[in-house]
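J.: from the sequence below, what's the structure:
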Amino acid sequence: MSRGIGQRVGSRMLRRGRSERMGSATVRWQAMTEEQSPSRVASPEIDARKKLLRARISELRGQVGRKRAWEAGRAMAHLLARNPLFEAADSTALFSALGDEPDTRPLFDLLRREGRRVFFPRCRQDGGLDLFRVDAWRDLVPGHFGILEPPRTATPSDPLDLDLMLVPGVAFDARGARLGRGGGFYDRILPLRGAPGAPFLLGLAFAFQLVERVPSDERDRRVDAILTEEGLIPAKGER
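T.: Below you'll find the predicted structure:
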């Protein structure tokens with residue numbers, strides 16, 4: 001990411017009007033996501049293309065070992081630490097990676113070492129995600145699908161306080177289009193890219209997960225940039 005892009009991102013973060021926030025954090029976040037979200041009507045053709053792409057990438061991710069995942073996570077932490085985007089992010093949402101994803105522990109260690117506030121998602125029974133502050137990796141406990149998440153004793157945090165949101169995905173493209181695992185968990189919590197008050201959305205992926213075009217429609221949220229072990233790629237073109 002160029003320095004100019006990073007400075008622009010930072011200024012957008014700092015301009016957010018905290019004084020305009022009213023009411024419950026959950027209500028405000030739902031207003032940001034749901035009111036901007038079109039009807040989730042499935043397209044059989046697009047869904048079929050998504051299924052094929054998931055299968056292709058899944059085969060590649062199945063070849064990723066623990067060492068490669070750890071090295072990718074370390075490379076991403078190094079790249080992020082040198083980027084102006086990191087300097088502007090006091091509050092960041094992260095996630096605990098699965099075995100076929102880049103390891104996010106190095107990113108967590110970087111954020112906490114620099115005194116940043118870090119939030120992790122926890123899945124609700126209705127398929128929604130809530131965010132909770134986590135200060136130590138050891139506080140995470142196995143949750144849905146065996147993914148580490150905040151304990152039940154954790155206190156919910158206001159997602160509108162986020163500056164940066166790191167997002168998993170099966171595949172991404174240069175437009176910022178994202179293909180998830182199919183559950184729609186993140187599509188339901190992510191705001192529209194560039195929406196007022198929204199955090200900067202940064203997709204995390206191995207370099208091989210960047211494809212020419214991700215099949216997507218109005219149901220799918222896009223990210224502002226993608227971070228791989230090889231570099232940070234700002235999304236471009238249509239939103």
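J.: nearest residue to the residue positioned nearest the centre of the chain in space, please, no chain neighbours.
T.: The residue lying closest to the centre of the chain (Cα atoms, centre = their mean) is V167, at 1.5 Å. What sits nearest to V167 in space, not counting adjacent residues and going by Cβ to Cβ, 6 or more residues apart in numbering, is G203, at 5.1 Å. For every residue, glycine as well, the C-beta is placed using N, CA and C.
J.: so that neighbour: helix, strand or coil?
T.: strand (DSSP: H, G, I helix; E, B strand; the rest coil).
J.: where is the longest helix in this protein?
T.: Ranked by residue count and defined by DSSP state H, the top helix of the chain is helix 44-61.
J.: buried set for that helix?
T.: By neighbour count with 16 or more other Cβ atoms under 10 Å, helix 44-61 contains the buried residues R49, K50, L53, R54, I57, R61.
J.: elements contacting that helix?
T.: strand 171-172, strand 178-179 (3 or more Cβ pairs under 8 Å, 6 or more residues apart in numbering; DSSP states H and E).
J.: in the very next helix or strand once past it, what counts as buried?
T.: For helix 44-61, the succeeding helix or strand toward the C-terminus, using DSSP states H and E, is helix 66-81. Neighbour-count burial for helix 66-81 flags A69, A72, G73, R74, A75, M76, A77, L79, L80 (criterion: 16+ other Cβ under 10 Å).
J.: touching, D224 and R178? I think so.
T.: No - D224 is beyond contact range of R178, at 10.9 Å (criterion: Cβ atoms under 8 Å).
J.: give me the more crowded residue out of those two.
T.: Under the neighbour definition other Cβ atoms under 10 Å, D224 and R178 were set side by side, and R178 has more, 27 against 24.
J.: now the longest helix of the chain, how far from the chain's geometric center?
T.: Taking Cα atoms, centre = their mean, to the nearest Å, the mean C-alpha location of helix 44-61 is offset from the chain mean by 20 Å.
J.: so which elements touch the longest strand anywhere in the chain?
T.: Scanning the chain for the strand with the most residues, using DSSP state E, yields strand 117-123. The contact analysis (3+ Cβ pairs under 8 Å, 6+ apart) places strand 117-123 against strand 91-93, helix 105-113, strand 129-133, strand 148-149, helix 185-189.
J.: ok, and the closest non-adjacent residue to L110?
T.: Closest to L110 by Cβ to Cβ, 6+ apart is A77, at 4.5 Å.
J.: do the same with S91
T.: R117 (4.5 Å).
J.: give me the number of residues near the one you found?
T.: R117 has 18 nearby residues by other Cβ under 10 Å.
J.: how near is it to T92?
T.: Distance of R117 to T92, given as Cβ to Cβ, to the nearest Å: 7 Å.
J.: just E149 next, same as before
T.: On the measure of Cβ to Cβ, E149 and T92 end up 16 Å apart.
J.: could you export stretch 99-119 as PDB, CA atoms only?
T.: Extracted C-alpha coordinates of stretch 99-119, given in PDB (Å, rounded to 0.1, in the frame of the first residue of the first chain):
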ATOM      1  CA  GLY A  99      -5.400 -24.800  10.300                       C
ATOM      2  CA  ASP A 100      -5.600 -24.000   6.600                       C
ATOM      3  CA  GLU A 101      -5.500 -20.200   7.100                       C
ATOM      4  CA  PRO A 102      -2.500 -17.900   7.800                       C
ATOM      5  CA  ASP A 103      -1.700 -18.000  11.500                       C
ATOM      6  CA  THR A 104      -3.100 -14.900  13.200                       C
ATOM      7  CA  ARG A 105      -1.200 -15.300  16.500                       C
ATOM      8  CA  PRO A 106       1.800 -13.100  15.200                       C
ATOM      9  CA  LEU A 107      -0.700 -10.300  14.300                       C
ATOM     10  CA  PHE A 108      -2.200 -10.500  17.700                       C
ATOM     11  CA  ASP A 109       1.200 -10.400  19.400                       C
ATOM     12  CA  LEU A 110       2.100  -7.400  17.300                       C
ATOM     13  CA  LEU A 111      -1.100  -5.500  18.200                       C
ATOM     14  CA  ARG A 112      -0.800  -6.200  21.900                       C
ATOM     15  CA  ARG A 113       2.900  -5.500  22.100                       C
ATOM     16  CA  GLU A 114       2.100  -2.000  20.700                       C
ATOM     17  CA  GLY A 115      -0.700  -1.500  23.200                       C
ATOM     18  CA  ARG A 116      -3.500  -1.800  20.700                       C
ATOM     19  CA  ARG A 117      -7.000  -2.900  21.700                       C
ATOM     20  CA  VAL A 118      -7.900  -6.200  20.000                       C
ATOM     21  CA  PHE A 119     -11.400  -7.700  19.600                       C
END
